[in-house]
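Engineer: Structure for this input, please:
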Amino acid sequence: MGSGVIYRADHVGSLLRPQEVLAARADPKTTPERLEAIENQHILRVLQRQKDLGFRIFTDGELRRQGFMSDFNDSVEGLDNDGSIARAWKSSETGGAGAAVARLTGVVVSRIRQKK
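Structural biologist: Modelled structure (predicted):
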């Protein structure tokens with residue numbers, strides 16, 4: 001490649017979560033404060049790496065994100081965010097019977113309003 005060639009790269013979405021973050025989330029003994037400290041450590045690491053690479057725009061890699069819709073769910077009211085509404089999937093695979101769903105959140109339960 002010749003000099004003066006400019007390459008473009010876009011980053012859309014999350015960075016892969018480090019094993020330490022995944023393990024802390026999976027461990028029921030991890031306190032929210034401990035999880036936050038581990039996430040902070042890795043967020044600072046990915047921010048520094050981007051700075052070292054000369055990036056002018058930085059991302060925290062969405063390391064705190066719980067799911068694809070978590071930022072939206074955290075920004076509005078009117079959703080069932082605790083998973084307390086019983087749900088079941090019905091399909092031809094279950095013979096039309098409802099198969100229990102483990103903690104599905106985000107169902108609209110009242111008028112959606114922005115809270116932040």
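Engineer: Where in this protein is the helix or strand with the lowest mean pLDDT?
Structural biologist: Here the helix or strand of the chain ranked lowest by mean pLDDT, DSSP states H and E is strand 98-100, holding a mean of 57.
Engineer: If we go by neighbour counts, what in the helix or strand just after it is buried?
Structural biologist: Following strand 98-100 in sequence order, the next helix or strand is strand 107-114 (DSSP states H and E). For strand 107-114, burial by neighbour count (16 or more other C-beta atoms under 10 Å) applies to no residue. From N, CA and C alone the C-beta is placed, and that goes for glycine too.
Engineer: Which neighbouring elements make contact with strand 107-114?
Structural biologist: Packing contacts for strand 107-114, counted by 3 or more C-beta pairs under 8 Å, 6 or more residues apart in numbering; DSSP states H and E, involve strand 76-80.
Engineer: neighbouring strands for the strand it packs on, and are they parallel or not?
Structural biologist: strand 107-114 (antiparallel) (DSSP bridges).
Engineer: Which residues does the strand it pairs with contact?
Structural biologist: For strand 107-114, contacts defined as C-beta atoms under 8 Å, 6 or more residues apart in numbering pick out 75-80, 85, 87.
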